[in-house]
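Student: below: sequence and its predicted model.
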Amino acid sequence: MENWLIPLIGYGFGCIQAAYLIGKLKKMDIRTVGSKNAGASNATMTFGWKVGVSVALIDILKAVIAILIIGALFDLSHADLHWKYMAGSGVVLGHDFPFFMRFRGGKGTASLVGVMAMIDWRMAIVGVLAIILVTVATDYIVFGTYAMLLVFLGFSIYLTMHVLPIGIAVGLIGLSIFLHRKNIGKILRGEERGLRSVLRRSS
């Protein structure tokens with residue numbers, strides 16, 4: 001029974017949509033502006049870096065809190081990574097496809113950082129460094145995200161060597177790549193806004 005409840009509870013936490021709720025406070029549906037995505041990157045592009053950072057932190061924390069609560073609720077060992085991958089997949093799916101937003105949410109990058117932090121803090125640190133360094137080097141957040149996904153895959157294989165967590169990792173990576181496909185198209189057409197232009201606008 002708990003095998004179904006773990007991702008389901010994670011999904012509920014993932015549906016806490018910071019970008020969407022902050023947009024509503026500003027009398028705007030964030031899904032109608034910028035990249036039309038309810039996530040930290042579009043919040044940064046639309047409202048500035050301060051709001052974007054706030055959204056990212058909330059999205060990270062909801063994954064951390066979800067996994068902590070699920071672990072306590074079912075008295076699960078934090079040394080067992082299988083349930084953390086299950087819970088984390090629920091959080092990311094809830095963020096990407098929240099039921100109350102007609103399943104139009106974000107892309108799950110910040111939420112995945114929170115999941116990585118709960119699986120292994122070293123994975124999260126290396127992943128965040130990969131996002132920062134590659135984004136700064138290329139000027140595009142999507143390339144930083146792809147670098148983080150490689151870190152997630154590499155650590156998942158190294159830490160577990162089991163079918164379930166690696167399968168979940170591959171599924172989440174594939175989903176993220178699919179959800180970012182329009183960003184790649186915009187870069188190829190010269191339409192994607194770079195990080196530096198966003199920071200100049202926010203300053």
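Tutor: Received, thanks.
Student: please make it C-alpha for all contacts and neighbour counts, starting now.
Tutor: Will do.
Student: can you list the low-confidence ranges for this protein?
Tutor: Counting by pLDDT under 70, the ranges of the chain that qualify are 1, 198-203.
Student: output the helix or strand where residue 158 lies in CSV with nothing but the alpha carbons.
Tutor: In the assignment (DSSP states H and E), residue 158 maps to helix 141-159. Taking Å, rounded to 0.1, in the frame of the first residue of the first chain, the C-alpha atoms of helix 141-159 are listed here in CSV:
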residue,chain,number,x,y,z
ILE,A,141,19.7,28.0,-18.2
VAL,A,142,18.6,25.1,-20.2
PHE,A,143,22.2,23.9,-20.8
GLY,A,144,22.9,24.2,-17.1
THR,A,145,19.8,22.1,-16.5
TYR,A,146,21.1,19.4,-18.9
ALA,A,147,24.4,19.4,-17.1
MET,A,148,22.6,18.8,-13.8
LEU,A,149,20.7,16.0,-15.4
LEU,A,150,24.0,14.3,-16.3
VAL,A,151,25.1,14.6,-12.7
PHE,A,152,21.8,13.1,-11.5
LEU,A,153,22.2,10.2,-13.8
GLY,A,154,25.8,9.6,-12.9
PHE,A,155,25.3,9.7,-9.2
SER,A,156,22.2,7.5,-9.4
ILE,A,157,24.1,4.8,-11.1
TYR,A,158,27.0,5.2,-8.7
LEU,A,159,24.9,5.2,-5.6
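Student: quick one: that helix to chain centroid distance?
Tutor: 12 Å (CA atoms, centre = their mean, to the nearest Å).
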